[in-house]
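Peer 1: Structure here, sequence nowhere to be found:
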């Protein structure tokens, strides 16, 4: 599997997490009941798997390699992706604050959770489409096979050092367990 194929495979897990979050939010909108443990698990997935691991791979390995190969960074497609990563972080932070507010009984917490979850889901879907169909195509065009192999090794180091051994697999197991639970609500 090439580095780009690995990033695309991670996008499939992100789509699954977005779908689960949508189902959690839909259930919340109807019944006002919130299973905090499940939302905490999805938040951890977004904060660690998506941001630290996936975006970390892009920001510290892929984007610099693409810039080195001549793809414009700031003001170009890489700059757009970095901006969207920051917007996503703000939605996840808002979602986290909403969950914390819900825990202490704040009245507007549910609205805050719903708004940030919906905005983040929409952002990620559009972001992934741009990466899969534009940015990654550019990367495959300008990066050599040797550079891709080097990136794959760097990605593995990020997984081991930044998120920890076997954590990738734990996230996938958690997503599958949550998917089984929330399929009944879709």
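Peer 2: Great, that's in hand. Keep in mind the model is a prediction, meaning the values are calculated, not measured.
Peer 1: what does stretch 58-77 contact?
Peer 2: With C-beta atoms under 8 Å, 6 or more residues apart in numbering as the contact definition, stretch 58-77 has outside contacts at 3, 7, 78-79, 81-82, 85, 130, 134-135, 138-139, 142-143, 147, 151, 154-155, 158. For glycine as for every other residue, the C-beta is placed from the backbone atoms N, C-alpha and C.
Peer 1: and what of stretch 27-43?
Peer 2: 17, 20-21, 24, 92, 95-96, 99, 102-103, 110, 113-114, 174, 178, 181-182, 185.
Peer 1: Show me which of the residues you listed are buried.
Peer 2: Burial by neighbour count, judged by 16 or more other C-beta atoms under 10 Å, picks out 17, 20-21, 24, 92, 95-96, 99, 102, 110, 113-114, 174, 178, 182 from the contacts of stretch 27-43.
Peer 1: for this structure, longest helix please?
Peer 2: Secondary structure assigned by DSSP state H gives helix 3-31 as the longest helix of the chain.
Peer 1: so what pLDDT did the most centrally placed residue in the chain get?
Peer 2: Using C-alpha atoms, centre = their mean, the residue of the chain that lies closest to the mean C-alpha position is residue 50, 3.1 Å off. On the pLDDT scale, residue 50 is placed at 97.
Peer 1: Can you show me the helices along this structure?
Peer 2: Taking DSSP H as the criterion, the chain carries its helices at 3-31, 36-44, 56-57, 63-68, 77-103, 109-130, 136-142, 145-158, 167-182.
Peer 1: most tightly surrounded among those?
Peer 2: Of those, the one with the most neighbours on average (mean count of other C-beta atoms under 10 Å) is helix 56-57, at a mean of 21.
Peer 1: List the contacts of that one.
Peer 2: Counting by C-beta under 8 Å, 6+ apart, the neighbours of helix 56-57 from elsewhere in the structure are 3, 7, 154, 155, 158, 162.
Peer 1: got a list of what the closest residue to the residue nearest to the centre of the chain other than its chain neighbours touches?
Peer 2: If you skip the residues right next to it in sequence, residue 50 has residue 14 as its closest partner in space, 5.9 Å away by C-beta to C-beta, 6 or more residues apart in numbering. Residues in contact with residue 14, defined by C-beta under 8 Å, 6+ apart, are 49, 50, 54, 124, 128.
Peer 1: Could you do residue 89 as well?
Peer 2: With contact taken as C-beta under 8 Å, 6+ apart, residue 89 is in contact with residue 51.
Peer 1: Great, nothing more from me.
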